[in-house]
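Colleague: below are the sequence and a predicted model for it; my questions follow.
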Amino acid sequence: MQVNPANGIVYSTKFHNKGLETHELGTHAAPWFLSKAIRSSEHYTSNWEEADIVYIDDYCLYTKWLADVHSVGRDQPTLAGQALDLAYSLLLAAPRWQRNYGADFVLYDAHPGYRAGSAMHSVQSKICYAFTNATMLIVDTPQRNVCPSFMVMPRVFVTPYAPNSLGRSSPDHLGLPPRVLLSDRPTLVYSRTQCHLQKTTNAGQSMRLFFSQHAMTNQTDVDVKCTNRELGGQHAPFEEMFAAMSHSKFCMAFPGDAASTRRLSELMLSGCIPVFAGPPYHSMPFSEHVDWQAAGVFFNVTDYTPWSDEKLEFSLSPTVRSIHETEARWWVPDAPVHGAFIPINTAYELIPHLRFMPEQEVRQKLQYVDSVRSRFRFVTSFTEPPNAANTLMSTICQAQGQQTA
């Protein structure tokens, strides 16, 4: 392990030479930002007996456990998992927890990865059955389905992934890039994503391939490409991609190997209008605070067989919960947007609809996205306009208000 001299954050040298950056720039770092923001608040206390709400900061230990059980470099048995299991057991036995049976506690799982196949079943068991009264912050809609209890829990909230670094902006201040007007957005549609080379259960990445290779080609103002080298693509610097999103009217919000991606956070920060096409659909985080119908454009494609053979399912039985994450049939809209869907027969019809959208409607959507884009910026303090930490804290307080009212 080494310490990054720029920010004092510890990182592992084992993976650093592979081009991976320190954890605060990671997709799953949202709990770290929230924890920092809470500790910076004048309302924070380290005495949980005095606190109205208790936030469980298990980020470091939980992240280490996930790294241990990851398919790359699997390390079993995992000491981090054993320590996490013990910590949860001690938490559940604490008088403070038992005062309200965890109803005033908050847990944040910023990784969609706990499932029946994980190395530490006892950790998942506690998450599924012992924390049912707590407020759960998650990043992927299908995480609601991994535990039967989550289906009846009223306080499970979908939140966004932490976006990539904005380059010139530090994690310590809001640092939003300037707003880009419609007249300075010459590109109609933009996307840069990793794609899957064949139709599999990974429907999100298969969808990306079809759109980039077939449905959105040979149009000068449409820039939708896969980054795979074997497809002729390349990984551009993030600043370059962010600038391209900032100068595009619409950006595709494709799902990936899960229903959620960090790209949605990044395109919202850029001020680009998100386009949700499906099925399956990308998740819609912060739906308690973001009017996705006002922000995005939604297409329901009748013929989605080029990328998926699954049929959307809005409920599931306990026998199939363990495979929910790789089964796109359950990637359904988790915001009230059904009335906004534009029905099209094939993916080829999407571009003409966007091209002939009334300019006033485009301006209104750009204006709305601009009004909420700060909510997708993760920093280590509470700010005005509200950033992601403000939005998360508002979600927590609303949930606790519902619980105690």
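Modeller: Arrived safely, thanks for sending. Numbers count the residues shown, from 1 in each chain.
Colleague: which stretches of the stretch 301-405 of the chain have low pLDDT?
Modeller: Within the stretch 301-405 of the chain, the stretches with pLDDT under 70 are 316-326, 402-405.
Colleague: ok, now with 80
Modeller: For the stretch 301-405 of the chain, applying pLDDT under 80 flags the ranges 314-327, 402-405.
Colleague: what segments of it are helices?
Modeller: All helices of the stretch 301-405 of the chain, identified by DSSP state H, counting those that start in this stretch, fall at 350-355, 359-372, 388-404.
Colleague: for those, which one sits closest to Y59?
Modeller: helix 388-404 (13.2 Å; CB to CB). Bear in mind the C-beta positions are built from the backbone N, C-alpha and C, glycine included.
Colleague: quick one: closest of the helices of the stretch 301-405 of the chain to I273.
Modeller: Smallest distance to I273 across the helices of the stretch 301-405 of the chain (CB to CB): 4.8 Å, for helix 359-372.
Colleague: about what we covered before: and the helices of the stretch 301-405 of the chain: which comes nearest F238?
Modeller: Distance to F238, taken as CB to CB, is lowest for helix 388-404 among the helices of the stretch 301-405 of the chain, at 17.8 Å.
Colleague: give me the buried positions along that closest one.
Modeller: By neighbour count on 16 or more other CB atoms under 10 Å, the buried set for helix 388-404 is A388, A389, N390, T391, L392, M393, T395, I396, A399, Q400, Q403.
Colleague: for the closest residue to the first one other than its chain neighbours, give its distance to M357.
Modeller: Once its chain neighbours are removed from consideration, A388 has its nearest residue in F378; the separation is 4.6 Å (CB to CB, 6 or more residues apart in numbering). Taken as CB to CB, to the nearest Å, the spacing of F378 relative to M357 amounts to 31 Å.
Colleague: and for A94?
Modeller: Between A94 and M357 the computed distance is 55 Å (CB to CB).
Colleague: and these two? which has more neighbours close in?
Modeller: More crowded of A94 and M357, by other CB atoms under 10 Å: M357, with 17 against 12.
Colleague: next, count neighbours for the nearest residue to that one once chain neighbours are set aside.
Modeller: Excluding the flanking residues, the one nearest M357 by CB to CB, 6+ apart is V297, at 7.5 Å. The tally of other residues near V297 (other CB under 10 Å) stands at 22.
Colleague: repeat that for the one 10 residues further on.
Modeller: Counted with other CB under 10 Å, the burial measure for W307 works out to 26 neighbours.
Colleague: enumerate every residue touching it.
Modeller: Going by CB atoms under 8 Å, 6 or more residues apart in numbering, W307 touches K199, A203, S206, M207, L209, F210.
Colleague: any idea how far N218 is from it?
Modeller: In terms of CB to CB, W307 sits 20 Å off from N218.
Colleague: and if you look at R155?
Modeller: Counting by CB to CB, the gap from R155 to N218 is 48 Å.
Colleague: picking that back up, between the helices of the stretch 301-405 of the chain, which one is nearest to G271?
Modeller: When these are ranked by proximity to G271 (CB to CB), helix 359-372 comes first, at 5.3 Å.
Colleague: rewinding a little: test my guess that the residue nearest to M357 contacts E361.
Modeller: No. In this structure V297 lies outside contact range of E361 using CB atoms under 8 Å: 9.1 Å.
Colleague: just for the stretch 51-200 of the chain, where's the confidence low?
Modeller: Along the stretch 51-200 of the chain, the model assigns pLDDT under 80 to residues 65-81, 110-129, 141-155, 164-175, 197-200.
Colleague: ok, and the closest non-adjacent residue to G296?
Modeller: P274 (4.3 Å).
Colleague: that neighbour - that's part of a strand, no?
Modeller: Yes. According to DSSP: H, G, I helix; E, B strand; the rest coil, the state of P274 is that of a strand.
Colleague: give me the neighbour count for it.
Modeller: 21.
Colleague: what sits against it?
Modeller: P274 sits next to F250, C251, M252, A253, L264, L267, M268, A295, G296, V297, V369 when contact means CB under 8 Å, 6+ apart.
Colleague: gap between the fourth one and P358?
Modeller: The one in question is A253. A253 sits 21 Å away from P358, going by CB to CB.
Colleague: more neighbours: these two, which one.
Modeller: For the pair A253 and P358, the greater number of neighbours falls to A253 (26 against 8), based on other CB under 10 Å.
Colleague: I'd say the more buried one and E266 touch.
Modeller: No. The pair A253 / E266 is not scored as a contact, 10.5 Å apart, by CB under 8 Å.
Colleague: so H196 touches Q205, yeah?
Modeller: Yes. The criterion here is CB under 8 Å, and H196 meets it with Q205 at 3.5 Å.
Colleague: what about the strands in the stretch 251-400 of the chain?
Modeller: With DSSP state E, counting those that start in this stretch as the criterion, the stretch 251-400 of the chain has strands at 273-278, 297-301, 341-344.
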